[in-house]
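**Student:** model the structure of this input:
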Amino acid sequence: MVRSEPLVSILIPAYNCRPWIARAVGSALAQSWKRCEVVVVDDCSTDDTDKELKQFEGSIRVERSLTNGGQNRTRNRLTELSNGEWLVYLDADDELHPDSVEQKLKFAAEADAIYGSTKLATYDGEREVQAHELAARDYDDLWCAFFAWKFPNTSAFCFRREAVLAADGWNDGIKNCTDYDLYFRLLHKGYRFKAAPGAWSTYRQWSSTQAVNEDPLRKMTTRLELMFEAAVQLKVTGEMTATRSHEFFDAALGVLRTIYPLAPSLAIRQHEALLSLCPECRPSRELFPARYRFVYETVGFSSAERIAGLMR
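**Tutor:** Presented below is the predicted three-dimensional model:
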C-alpha cells in the first residue's frame, strides 16, 4: 500500500494585521503541495482583521480568541486545532512563495525542522522600499549556527508535529526571540535541522509595533539568556567543544556590545559571567576590529566600550 502524502497545517496567528492578512492566507492557499490545511486564530484584533478573513470562508478554518493571549499562546492554540503531520507557523504579515511547502518536504525523510530561504522586505506603509535575500544553507555544527543566530524566522520553517509537541510547544512566557527559544529546545532534544534552499518565504518589516522592533534591551537580554542557557547545558553534557565555545563567546560579546549603551552595568555583569564560562576565549579577529581587540585586551571590556562610544 502506497503511503499518502503527509498533511501540512499552515497555522496563522493574527493580531491587527489587516493590511497583510489576506496576502498571508492567499499565499498559504496557493501552495503547490495539495495536502494543506490553513487555520487562523484571530487573537482579538481591533483593526478589521476579521473582516478581511471573511473572503476566505469555506477555504480555511478561523477561530477568534475571547481574550488577547499573545503570539505564542495563539501558536499553541493553533497546534491544538491542527491535524497535520507537519506544521508551518506563518506570521500574519509574512508570505509563502507558491512551492515553499513542496520544496521543504523534499527533505522530510531526513529532518524534523526544515528551513527555507528568506526575502527580507522593509515596507513604508504598504510600499516595499528595500529588500534583500538570504539563501538557506546547511551548517556543519548546528549549535555554532544557533549561537551566531544563523537560522531564519519562524515563517521560513516547517516542523514535524511530534518534534514540536516533544519540545513542549511555544513558550508564552517570553515576548522576544520566541523562534530561537523553540529552536534551542528542539536542538537540545536532538532533532534534525535541514536547509531547503529552494523554499522561499517573505519576512516583512512594516511597523515599529512588531515584536522585532519593540524594546531593544529586552530583545537583546532575552537573546543573551537563551545563548547562556544553551552554553551551560552543553558544558554540563560535555558537548561544549572549543569551536562552539569560541562561537558562543564571539556571539555573546557582540550582544553585550549592543546592550552596553542601553544598560552598562548589566553588560559588565554579564561580561564577567561570559569570562567565567569561557575563560580561554578572546574576541576573534574575524569579527572584531584590531583596534577594539587591542583596547579590550589592554584595559578590559568596559573601558573598550567607553572608548568605542566616544569614537562613534
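**Student:** now name the helix or strand holding residue 175.
**Tutor:** Counting by DSSP states H and E, there is no helix or strand that carries residue 175.
**Student:** surely it meets residue 70?
**Tutor:** Yes - counting by C-beta atoms under 8 Å, residue 70 is a contact partner of residue 175 at 7.4 Å. Every C-beta, even on glycine, is put in place using the N, C-alpha and C of the backbone.
**Student:** give me the below-cutoff pLDDT ranges for the stretch 1-150 of the chain.
**Tutor:** Scanning the stretch 1-150 of the chain for pLDDT under 70 picks out 1-3.
**Student:** OK, contacts around the residue nearest to residue 301 when sequence neighbours are not counted?
**Tutor:** In this structure, residue 301 finds its nearest non-sequential neighbour in residue 271, 4.7 Å apart by C-beta to C-beta, 6 or more residues apart in numbering. Contact analysis of residue 271 by C-beta atoms under 8 Å, 6 or more residues apart in numbering lists 253, 256, 301, 302.
**Student:** neighbours of the third one, how many?
**Tutor:** What that stands for is residue 301. 21 (other C-beta atoms under 10 Å).
**Student:** got the phi and psi for residue 262?
**Tutor:** Backbone torsions of residue 262, given as degrees, to the nearest 10, read phi -90, psi -40.
**Student:** and it, what does it touch?
**Tutor:** Residue 262 sits in contact with 216, 217, 220, where contact means C-beta under 8 Å, 6+ apart.
**Student:** which of those residues are buried?
**Tutor:** Among the contacts of residue 262, those classed as buried by 16 or more other C-beta atoms under 10 Å are residue 220.
**Student:** residue boundaries of the helices in the stretch 1-150 of the chain?
**Tutor:** 18-29, 49-53, 71-81, 100-105, 142-147 (DSSP state H, counting those that start in this stretch).
**Student:** most neighbours, which of the contacts of residue 271?
**Tutor:** Of all the contacts of residue 271, the highest neighbour tally under other C-beta under 10 Å goes to residue 253, namely 23 neighbours.
**Student:** quick one: contacts of the helix or strand hosting it?
**Tutor:** Using DSSP H and E, residue 253 sits in helix 242-259. Under the contact criterion C-beta under 8 Å, 6+ apart, helix 242-259 has outside partners 141, 143-144, 147-149, 216-217, 220-221, 223-224, 227-228, 230-231, 234, 240, 266-267, 270-271, 274, 277-278, 280-284, 287-288, 301, 305, 308.
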